[in-house]
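>>> show me how the following folds:
(one chain, ligands or ions: 1)
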Amino acid sequence: LPDLDALERELTAGIAAAADEAALEAIRVSALGKKGSVSELLKSLGGMSPEERKTAGPAINGLRDRVNAALTARRAELKAASLARRLETERVDVTLPVREAPAEAGRVHPISQVIDELTAIFADMGFSVAEGPDIEDDFHNFTALNFPEGHPAREMHDTFYLPTKEDGSRLVLRTHTSPVQVRTMMSKKPPIRVICPGRTYRSDSDQTHTPMFHQVEGLVIDKGSNLGHLKWILEEFCKAFFEVDNVKMRFRPSFFPFTEPSMEVDIQCDRSRPGEIRFGEGSDWLEILGCGMVHPNVLKNCGLDPDEYQGFAWGMGIDRIAMLKYGMPDLRAFFEADVRWLSHYG
Ligand SMILES: Cc1ccc(OCc2nc(C(=O)N[C@H]3CCS(=O)(=O)C3)cs2)cc1
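Residues are numbered from 1 along each chain as shown. Reported below is the predicted structural model:
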């Protein structure tokens, strides 16, 4: 038998000197791999007489076990050492004072800026702000607004539904802020002049529509409110918001279940310069909102007598308007909360 003690001394010395797991693995293979020194000895047992095996067996198996134990112990040491090193180098001292955040980081998000601007403009015309829940029921989001059962807007491809409640009723993420006007008409006596800014949700999102977007709707209910008043209000709004002295507007016939007649409104603009848009001049038109006289069914659904009260309403998407006004290329950037973007536009 070769000098097992010398082999053991050589292997244990090599294991102790192994600086990392790769070195250790090399030693393991040289001793216990297919052609390893210890593996060869274990194979040689097969060719021995029973007499020889009586002493050689325990000796070689003992060597293999001691080498395995030494490898395992060293592997644990190396792991512990690498963890200790990582804990030391990656240590975060949470007691350190915070880095001075750049002052401009605390900015108002452009969407909030636009909402503040819009509410201020309408407040000057006697409007108050009304708010309501983002999670709405079927009545306030659709039925009260004269959407017939089965109307495509009620479908899942447009509307986010919450799980059906045990009484079978279904809640939705509101698809517009119109339910707020419904709630206002049901809780306040006319005259009503409200604007309803807020988040709205539609599930047909694509690269120009995000599933959550923002709207501002407006509602006027009184005894003799008519389209002349609506035209004036929208003109005043556009002049103030787009900061122009006069603005040409175009009212195109349209259809919404909740208004009759319904119109879409474009304002005149000049887009001849690439990446730039100017309002109040040029020969181009930009759709900015929809509006109309509140449908008599909606008045009735909200508890008002259409022979006594009438009024008009409008709705506009804020994200698009903000993009136009601030010249933003990509709607998604609104919702990524990138500090650099916010400080640039904020
Ligand atoms: C009780 C009540 C009665 C009538 C109402 O009419 C709100 C209106 N909205 C529009 C309209 O075109 N809205 C869209 C513009 C772009 S958008 O963000 O996709 C929504 C026309 S009239 C609201 C509430």
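
>>> now do the same contact list for the residue of the chain found nearest the ligand.
The minimum distance from the chain to the ligand, using Cβ to the nearest ligand atom, falls at G290 (1.9 Å). In this view, the C-beta of every residue, glycine as well, is placed from N, C-alpha and C. Contacts here follow Cβ atoms under 8 Å, 6 or more residues apart in numbering; on that basis G290 touches 254, 256, 259, 262-265, 314-316.

>>> go ahead and build a ChimeraX selection from the buried members of those.
Isolation of the buried members of the contacts of G290 (16 or more other Cβ atoms under 10 Å) is achieved in ChimeraX through the command below:
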select :256,259,262,263,264,265,314,315,316
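
>>> go back to the contacts of G290 and keep what's next to the ligand.
For the ligand, the contacts drawn from those by Cβ under 6 Å from any ligand atom are 256, 259, 314-316.

>>> Serialize these to a markdown table and add fields for pLDDT, secondary structure and distance to G303.
Supplementary listing: the ones next to the ligand among the contacts of G290 in a markdown table, determined by pLDDT from 0 to 100; DSSP: H, G, I helix; E, B strand; the rest coil; distance: Cβ to Cβ, whole Å:
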| residue | pLDDT | secondary structure | distance to G303 |
| --- | --- | --- | --- |
| F256 | 96 | strand | 21 |
| T259 | 98 | strand | 18 |
| W314 | 98 | strand | 22 |
| G315 | 97 | strand | 22 |
| M316 | 95 | strand | 27 |
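
>>> just how off-centre is the helix or strand harbouring I121 within its chain?
Following DSSP states H and E, one finds I121 within helix 110-123. Its chain's average C-alpha position is 23 Å from that of helix 110-123, according to Cα atoms, centre = their mean, to the nearest Å.

>>> hmm, E281 is touching C269, no?
Yes. The criterion here is Cβ atoms under 8 Å, and E281 meets it with C269 at 7.5 Å.

>>> so between the two, which is more surrounded?
It is C269, of E281 and C269, that has more neighbours when counted by other Cβ atoms under 10 Å, with 22 against 14.

>>> how about that one, what does it touch?
277-282, 284-286.

>>> if we use 7 Å, what do you get?
Taking Cβ atoms under 7 Å, 6 or more residues apart in numbering, we find C269 in contact with 277-279, 282, 284, 286.

>>> buried among those residues? Need that as a selection in PyMOL.
Buried members of the contacts of C269 can be picked out in PyMOL with the line below, counting by 16+ other Cβ under 10 Å:
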select buried, resi 277+279+282+286
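
>>> now do the strands in this protein.
Listed in chain order, the strands of the chain (DSSP state E) span 128-129, 135-137, 171-173, 192-201, 212-222, 249-256, 259-270, 278-279, 284-294, 310-317.

>>> how about the residues of this protein near the ligand?
By Cβ under 6 Å from any ligand atom, the residues of the chain that approach the ligand are 145, 176, 178, 181-182, 215, 217, 219, 256, 258-259, 289-292, 294, 298, 313-317.

>>> among the residues you listed, name the buried ones.
Among the residues of the chain next to the ligand, those scoring as buried are 145, 176, 178, 181-182, 215, 217, 219, 256, 258-259, 289-292, 294, 298, 313-317 (criterion: 16+ other Cβ under 10 Å).

>>> isn't R174 up against D138?
No. Applying Cβ atoms under 7 Å as the test, R174 and D138 come out as separate, 11.0 Å apart.

>>> now do the buried residues in stretch 156-170.
By neighbour count, and taking 16+ other Cβ under 10 Å as the criterion, the buried residues in stretch 156-170 are 159-160.

>>> looking at the contacts of G290, spot the one nearest D158.
D158 has its nearest neighbour among those in F256, at 14.2 Å by Cβ to Cβ.

>>> which non-adjacent residue is nearest that closest one?
Spatial nearest neighbour of F256, chain neighbours left out: S262 (4.5 Å); criterion: Cβ to Cβ, 6 or more residues apart in numbering.
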